[in-house]
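Task: produce atomic coordinates for the following.
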Amino acid sequence: LGLERQAQFIDFNAGAVGRRDQHYRASFGRYGDFRAGLWFDQAPRLYTDQARTVFLGAGGGNLTLPPGLLPRNNTPAQIAAALQSAPFFELGFDRRRAGLEFHATPGADWRIYARYGQDRKKGTQAIGGASSYPGSPLVEAPEPVDHTSHNVVAGIQWGGAAQQANLTYSGPFFRNATDTLTWENPLLVGDPAVHQRTRLDLYPDNAFHNLKLDLGAALPMRGRLSGGVSWSRMTQNDALIPHTANSGVSGATDLANWNTVGSLSQQTAGARIDTLLLHLSGAFSPVRDLTLQAKVRRFEENNRTTYRAFNPLTGESGYLGLDGANNSNIVPGLYRVPIRNIPFEQRKDNYGLEADYRVLGRTNVTLGYERENQHLEHREYGRTGEDRWRAALNNRDFERARVRLSYEHAKRSGDNYNFNPNALYYSGVALIDAPATLAQLRKYDIGDRTQNVVNGRVNFLLARDMDLGLSARVVDNDYDAAFGRLAERRTGFNGEWTL
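A predicted model of the protein is given here:
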């Protein structure tokens with residue numbers, strides 16, 4: 001509905017009204033001034049409507065066995081009979097999304113906007129878990145799905161004739177209505193008086209904040225300068241749960257010392273990671289056929305999460321696994337036991353130069369160089385550096401074809417390689433004193449590497465409404481390692497036909 005005299009508008013549309021996949025959207029505003037809107041839609045995600053389970057309470061966080069079955073004291077025949085008599089139910093969830101938004105242009109050069117969206121899922125889905133160590137038997141149970149994501153975006157834009165700016169905040173927030181999932185173990189393993197229940201900690205509530213500023217400006221010689229800064233914070237402070245939901249004695253371990261929050265070194269996760277991104281790039285053409293580009297980029301990741309696996313009630317380091325069924329991770333464990341979280345951090349700096357020159361009427365040659373420096377915490381290399389050279393040819397002289405060829409050569413190396421950089425985060429003693437890894441093994445994601453990459457692509461205009469694209473790519477990596485991944489070669493071909 002448009003109101004031409006007042007330059008106002010109202011719009012509404014809907015579909016599948018009354019069904020499980022219905023959707024609605026409405027908006028109103030004044031042309032060139034503001035616009036506001038809201039929406040709602042939902043969609044089912046059905047895995048099956050013929051699901052069966054021996055548990056009672058599907059859809060909730062506490063699953064119990066029906067009358068006639070006892071925790072940890074049933075035969076496979078009894079379980080099968082209970083399944084046959086259990087009713088069918090739907091395994092799946094409904095997804096509902098709703099939100100509202102607002103856009104306004106208070107001036108010719110200004111624009112402000114804000115948006116809030118909510119995404120909720122409710123239902124069930126299958127989840128598996130082990131009831132004992134080393135992992136058999138397994139239990140498949142209905143996991144409750146009842147969580148909501150809140151998404152907030154707000155920003156302001158300014159655009160002048162030669163300069164532009166954009167400031168944006170975005171903040172997704174996740175909330176889970178069901179904190180844990182506990183089920184009574186149906187099959188007999190170990191002591192049925194002790195290992196009766198299994199508990200899983202489900203997805204924790206968490207938040208993400210991002211504040212980003214982008215800037216751009218025109219330069220002389222047909223140039224442009226652009227840059228920005230982006231700051232992010234990820235947090236998660238979920239309440240931690242005790243090591244086990246069971247009671248009794250498992251082996252030589254009294255679970256009474258491990259099944260309360262008093263056995264935890266801290267009550268909440270207290271997890272936080274901050275990131276910072278800075279980037280600046282510029283391009284200009286000092287002469288008609290030459291374009292020069294330069295860029296610099298820094299990315300920092302700071303991990304502020306601290307956790308120590310320590311039980312104040314017993315004075316022991318380590319943890320229980322599988323709700324007490326696995327006590328081999330109490331120091332001294334069978335193997336090395338992780339006793340602290342490893343706060344991985346990094347700083348990555350990139351610098352690049354590129355020149356593009358038109359040597360003939362429709363043929364361009366590109367030469368580029370990029371340097372990457374990494375500063376890594378708790379990795380085998382504390383510092384790495386990589387030099388990358390690139391040459392490319394782009395030809396458009398053919399009437400119905402375009403040819404692109406490129407070659408890249410890169411070499412990465414680091415400082416002194418430490419094959420076991422996180423020894424302090426593991427127990428110093430173990431019943432089996434095995435090394436963390438081979439001293440001669442190199443992690444290929446940061447280890448020394450020489451790389452060569454060849455790309456080729458040809459696009460054909462077969463007709464006014466028909467294109468054919470053929471491309472090939474060869475990647476050759478050589479790693480300086482005595483064990484593990486020594487070298488690799490990947491070759492790929494692709495064809496695209498567009499009508």
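
going forward, measure contacts and count neighbours with C-alpha atoms only.
Will do.

what sits against residue 314?
Each residue near residue 314 by C-alpha atoms under 8 Å, 6 or more residues apart in numbering is listed here: 257, 263.

nope, residue 129 is what I was after
138, 139, 140.

Tell me the one of the residues you listed nearest residue 411?
Ranked by distance to residue 411 (C-alpha to C-alpha), the contacts of residue 129 are led by residue 138 at 46.9 Å.

pLDDT value on the closest one, please?
On the pLDDT scale, residue 138 is placed at 82.

can I assume it is in contact with residue 128?
Yes. With contact defined as C-alpha atoms under 8 Å, residue 138 reaches residue 128; the gap is 6.9 Å.

could the contacts of residue 129 be laid out in CSV, adding distance to residue 28?
Output for the contacts of residue 129, formatted as CSV (distance: C-alpha to C-alpha, whole Å):
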residue, distance to residue 28
138, 55
139, 52
140, 49
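
So which of those residues are in helices?
When the contacts of residue 129 are checked against helices (DSSP state H), there are no matches.

most neighbours, which of those residues?
residue 139 (15 neighbours; other C-alpha atoms under 10 Å).

how far away is it from residue 128?
6 Å (C-alpha to C-alpha, to the nearest Å).

doesn't residue 15 make contact with residue 39?
No. Between residue 39 and residue 15 there is no contact under C-alpha under 8 Å: 11.9 Å.

Overlap in contacts, those two.
Contacts common to residue 39 and residue 15, judged by C-alpha under 8 Å, 6+ apart, are 23, 24.

who has more neighbours, the two?
When residue 39 and residue 15 are compared for neighbours, residue 39 comes out ahead with 18 against 12, by other C-alpha under 10 Å.

Beta-bridge partners for that one, please?
The partner list for residue 39 in beta bridges (DSSP bridges) reads residue 25, residue 99.

Return the residues in contact with it.
If you count contacts by C-alpha under 8 Å, 6+ apart, residue 39 has them with 23, 24, 25, 26, 97, 98, 99, 100.

Of those residues, which is the most crowded?
Ranking the contacts of residue 39 using other C-alpha under 10 Å puts residue 23 first, with 20 neighbours.

where does it land on pLDDT?
pLDDT, residue 23: 96.

low-scoring stretches of the chain, by residue?
Filtered on pLDDT under 70, the chain yields the residue ranges 1-5, 132-136, 189-190.

and if we set it to 80?
Within the chain, the segments meeting pLDDT under 80 span 1-6, 130-137, 188-194, 361.

Could you pull out the helices in it for me?
Using DSSP H, the helices of the chain run over 76-85.

what about residue 315, how many neighbours?
As a burial measure, residue 315 scores 8 neighbours (other C-alpha under 10 Å).

Likewise for residue 242?
19.

Provide a list of residues in contact with it.
Counting by C-alpha under 8 Å, 6+ apart, residue 242 has contacts 258, 259, 260, 261, 263, 264.

before we move on, what about residue 237?
Residue 237 touches 204, 205, 206, 268, 269, 270, 271, counting by C-alpha under 8 Å, 6+ apart.

Recalculate using a threshold of 10 Å.
Residues near residue 237 by C-alpha atoms under 10 Å, 6 or more residues apart in numbering: 204, 205, 206, 207, 267, 268, 269, 270, 271, 272.

hang on, the last one packs against residue 236?
If I follow you right, that is residue 272. Yes. Residue 272 is within contact range of residue 236, at 6.5 Å (criterion: C-alpha atoms under 10 Å).

Now list whatever residues contact both of the two.
Joint contacts of residue 272 and residue 236 (C-alpha under 10 Å, 6+ apart) are 206, 207, 208, 305.

What's the separation between the third one and residue 220?
What it means is residue 208. With distances taken as C-alpha to C-alpha, residue 208 is found 39 Å from residue 220.

When these two are compared, which one has more neighbours?
Using other C-alpha under 10 Å as the criterion, residue 208 and residue 220 rank with residue 208 on top: 18 against 9.

isn't the more buried one right next to residue 271, touching?
No. Counting by C-alpha under 10 Å, residue 208 does not reach residue 271; the two are 11.9 Å apart.

what do these two both touch?
Joint contacts of residue 208 and residue 271 (C-alpha under 10 Å, 6+ apart) are 234, 235, 236.

nearest to residue 184, of those residues?
For the shared contacts of residue 208 and residue 271, the nearest to residue 184 is residue 236 (28.7 Å; C-alpha to C-alpha).

Look up the closest residue to the closest one, ignoring the ones flanking it.
residue 206 (4.6 Å; C-alpha to C-alpha, 6 or more residues apart in numbering).

Give me the neighbour count for that neighbour.
Neighbours of residue 206 using other C-alpha under 10 Å come to 18.

rewinding a little: buried ones among the contacts of residue 237?
Using 16 or more other C-alpha atoms under 10 Å as the burial test, the contacts of residue 237 include 204, 205, 206, 207, 269, 270, 271, 272 as buried.

could you measure the third one against residue 150, distance?
Separation of residue 206 from residue 150 (C-alpha to C-alpha): 11 Å.

How about residue 232?
Counting by C-alpha to C-alpha, the gap from residue 232 to residue 150 is 17 Å.

picking that back up, which residues are in contact with each of residue 206 and residue 150?
172, 173, 174, 175.

wait, what's in contact with the residue nearest to the last one when sequence neighbours are not counted?
Spelled out, it's residue 175. Leaving aside its chain neighbours, residue 175 sits nearest to residue 205 (4.7 Å; criterion: C-alpha to C-alpha, 6+ apart). Residue 205 makes contacts with 147-149, 173-177, 179, 235-239, as judged by C-alpha under 10 Å, 6+ apart.
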